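# how would this look folded up:
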Amino acid sequence: MKTNRRRFFTTSAGALAAGAVVPYFFTAGSRAKASIKSKNDRPGIGAIGLRYQGSVIALKAQDHGDIVAIADVDRNVREQARAGFGSTPRIFEDYRKLLERKDVDVVTIGTPDHWHAKMVIDACRAGKDVYVEKPLTLTIDEGKQLTKVVAETGRVVQVGSWQRSDHRFRLAVEMVRAGRIGKLQRVDVVLGKNKTGGPFARRLVPGHIDWNLWQGQTPAVPYLEERSHYTFRWWYEYSGGQMTDWGAHHLDIAQWGIDSEPIEIHTTARFPDVQDGYNVAVDFSARYKYANGVELTMADTGRNGILFTGSKGRIFVNRGTLEGKPVESLADNPLPRDQFQAYGFDNLDRPERVGKLEAIVNHMGNFFDCIETRKKPISDVASQHRSVTTCHLGNISMRLGRSLRWDPVTEQFIGDEEANAWLRREQRKGFEVA
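Numbering: from 1, shown residues only. Sure, this is the predicted structure:
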């Protein structure tokens, strides 16, 4: 008997929750646009947050399903989305109404960072599979909650850390894990500067924005245009500056290669003191010691990217470059297939070059592939919780102004109750992440 789409989405989630989950790594081109051909087999997609990257991921998801509902707190953004996706999708101001729809099987989330955890949890409990933008969380405790809910509900959740689907980054990590630079000793990461600015003018809330709903769990404050849309990332209330923006990409790749977790965090930072202005660190650096002895340094100036240094060589990688003598030697000494597959990578059908958009296509393809197979996607919740935790640890150390020791097993700071209080934040009534 043929299994229809809605029955598949319901029964397969239960099977996932009941059994072991193994990683599945998408191979470029294997299912990119043709994985679900029949109109009746195409999942219904609900897109939440349609500005900037949110619109990009919704468009890429549309290659695999049908956009049936759209939600955004900004009426102008909703109307632009309606024009882009046609008159068929229903539009909502409140995402919770979208999650109530039975024709929504899959959700994409492209909202500001402070909404990610609650929306993913609500979507999983509503029986939806989720593609959510990075960073995964606003706090470390949110990651603990989220990981538990995803495991309990058996939903497939892909985090938009798409550099894992870019061949340069994956090959760099494959080589490091395969010992091509000898014993890994140090990783240096450059993220870029945080934006500065202010004071900004307080304004009346525009009629097209539900400012209360936009703020969500965060403290209610007067409306500043610069708090919303793209520039939300320069306020600690809603994000974490470059530490959680580029950091959710580069620190994720670095930690993928290190294959361990941090136990000590040492930072420096200088903060602005501007009323109604951006409040993330002006200048910052961080040094992490990992349980396996590797040291990771993070700076805001220099050549953007990741430098892996081992006892026998170095590899540098960013979005346009993969270089180093070990890379040059691949032509005469390629990675043995059985060796890199042992680390969970699939090196087949790798394109010679791939840009950001192609990598996002691959990343979205991996997500929909895993919806069908009920396997773990390449940027699963557990790995991304650990990666963004590393970002949060750096910000907490900076804001406290001192070094910290971390226990990755208990997910607690050692001997520092003040620091442990920063694992969570106060949440406005009615918007709690629970």
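
# Which pLDDT does the model give the most centrally placed residue in the chain?
Centroid check for the chain by CA atoms, centre = their mean gives Lys134 as the closest residue, at 2.4 Å. Model confidence at Lys134, expressed as pLDDT, equals 98.

# so what's it closest to, chain neighbours aside?
Ala248 (4.0 Å; CB to CB, 6 or more residues apart in numbering). C-beta coordinates here come from the backbone N, C-alpha and C atoms, glycine included.

# Can you name the residues that contact that neighbour?
Listed by CB atoms under 8 Å, 6 or more residues apart in numbering, the contact partners of Ala248 are 134-136, 161, 384, 387-388, 391.

# before we move on, the earlier item: report the separation between the residue nearest to the centre of the chain and Arg425.
Applying CB to CB, to the nearest Å, the value for Lys134 to Arg425 is 19 Å.

# and if you look at Val282?
22 Å.

# check contacts around the residue nearest to the centre of the chain.
Neighbour list for Lys134: 159-161, 248-249, 252, 379, 384, 388 [criterion: CB under 8 Å, 6+ apart].

# ok, the nearest residue to Asp245 once chain neighbours are set aside to Thr244 distance?
Of all residues not flanking Asp245 in the chain, Arg233 sits nearest, at 5.4 Å (CB to CB, 6+ apart). Separation of Arg233 from Thr244 (CB to CB): 8 Å.

# Now list whatever residues contact both of these two.
Asp113.

# just checking, what packs against the longest helix belonging to the chain?
Counting residues, the longest helix in the chain under DSSP state H turns out to be helix 381-400. Packing partners of helix 381-400 (3 or more CB pairs under 8 Å, 6 or more residues apart in numbering; DSSP states H and E): helix 140-153, strand 157-159, helix 247-258, strand 262-270, strand 283-290, strand 404-407, helix 417-420.

# a markdown table for the ones you listed, including mean pLDDT and distance to Glu174?
A markdown table is the format used below for those (pLDDT from 0 to 100; distance: least, CB to CB, whole Å):
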| stretch | mean pLDDT | distance to Glu174 |
| --- | --- | --- |
| helix 140-153 | 98 | 26 |
| strand 157-159 | 98 | 20 |
| helix 247-258 | 98 | 9 |
| strand 262-270 | 98 | 22 |
| strand 283-290 | 98 | 19 |
| strand 404-407 | 98 | 28 |
| helix 417-420 | 98 | 35 |
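
# tell me the most buried of the ones you listed?
Most buried of the helices and strands packed on helix 381-400, by mean neighbour count (mean count of other CB atoms under 10 Å): strand 157-159, with a mean of 30.

# Quick check: next helix or strand after it?
Remark: after strand 157-159, the chain's next helix or strand is helix 167-177, criterion DSSP states H and E.

# Next, the angle from that following helix to helix 247-258.
Going by axes from the mean of the first three to the mean of the last three CA atoms, to 10 degrees, helix 167-177 is angled at 30 degrees with respect to helix 247-258.

# need the strands for the stretch 101-250 of the chain, in chain order.
Counting by DSSP state E, counting those that start in this stretch, the stretch 101-250 of the chain has strands at residues 106-109, 129-132, 157-159, 184-190.

# List the contacts of the longest one.
By that I understand strand 184-190. 176, 247, 250-251, 254, 257-258, 293-311.

# what about 6 Å?
By CB atoms under 6 Å, 6 or more residues apart in numbering, the surrounding residues in contact with strand 184-190 are 176, 250, 254, 294-299, 302-304, 306-310.

# how far does that strand sit from the chain's center?
With CA atoms, centre = their mean, to the nearest Å as the basis, strand 184-190 stands 21 Å off its chain's centre.

# What strands flank that strand, and is each parallel or antiparallel?
Applying DSSP bridges, strand 184-190 is found paired with strand 295-299 (parallel), strand 305-310 (antiparallel).

# Mind listing what's buried along that strand?
Judged by neighbour count using 16 or more other CB atoms under 10 Å, the buried positions of strand 184-190 are 184, 187-190.

# what is the mean pLDDT for it?
Across strand 184-190, pLDDT averages out at 98.

# Output that strand in CSV, but only the C-alpha positions, please.
The C-alpha trace of strand 184-190 is given here as CSV (Å, rounded to 0.1, in the frame of the first residue of the first chain):
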residue,chain,number,x,y,z
LEU,A,184,46.2,19.2,15.8
GLN,A,185,47.6,21.7,18.2
ARG,A,186,46.0,25.1,17.5
VAL,A,187,43.1,26.7,15.6
ASP,A,188,43.0,30.4,14.9
VAL,A,189,39.6,32.0,13.9
VAL,A,190,39.0,35.5,12.7
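
# ok, the buried residues of strand 184-190 vs Leu146, which is closest?
Closest approach between the buried residues of strand 184-190 and Leu146, by CB to CB: Val189, at 24.4 Å.

# And the closest one, how close does it get to Tyr278?
Applying CB to CB to Val189 and Tyr278 gives a distance of 22 Å.

# repeat for Asp113
15 Å.

# so can I have JSON lines of the strands paired with strand 184-190 showing mean pLDDT?
Shown next, in JSON lines, are these (pLDDT from 0 to 100):
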{"stretch": "strand 295-299", "mean pLDDT": "98"}
{"stretch": "strand 305-310", "mean pLDDT": "98"}
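
# picking that back up, Arg233 and Thr244: which has the busier surroundings?
Taking other CB atoms under 10 Å, Arg233 and Thr244 do not tie; Thr244 has more neighbours (26 against 21).

# Quick check: chain neighbours aside, which residue is closest to Val132?
Ile109 (4.2 Å).

# burial count for the closest residue to Asp141 other than its chain neighbours?
Excluding the flanking residues, the one nearest Asp141 by CB to CB, 6+ apart is Arg424, at 4.1 Å. Residues near Arg424, counting by other CB under 10 Å, number 15.

# if I read this right, Arg424 contacts Thr137, doesn't it?
No - using CB atoms under 6 Å, Arg424 makes no contact with Thr137, being 10.7 Å away.

# From start to finish, how long is stretch 276-283 in a straight line?
Length of stretch 276-283, first residue to last, CA to CA, to the nearest Å: 19 Å.

# who touches the closest residue to Val274 other than its chain neighbours in this structure?
Using CB to CB, 6+ apart and skipping residues adjacent in sequence, the residue nearest Val274 is Gly198, 4.2 Å away. Gly198 makes contact with 274, 276-278, according to CB under 6 Å, 6+ apart.

# Let me have these in a markdown table, extended by secondary structure, distance to Met398 and pLDDT.
As requested, the contacts of Gly198 are exported to a markdown table (DSSP: H, G, I helix; E, B strand; the rest coil; distance: CB to CB, whole Å; pLDDT from 0 to 100):
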| residue | secondary structure | distance to Met398 | pLDDT |
| --- | --- | --- | --- |
| Val274 | coil | 17 | 96 |
| Asp276 | coil | 21 | 97 |
| Gly277 | coil | 18 | 98 |
| Tyr278 | coil | 15 | 98 |
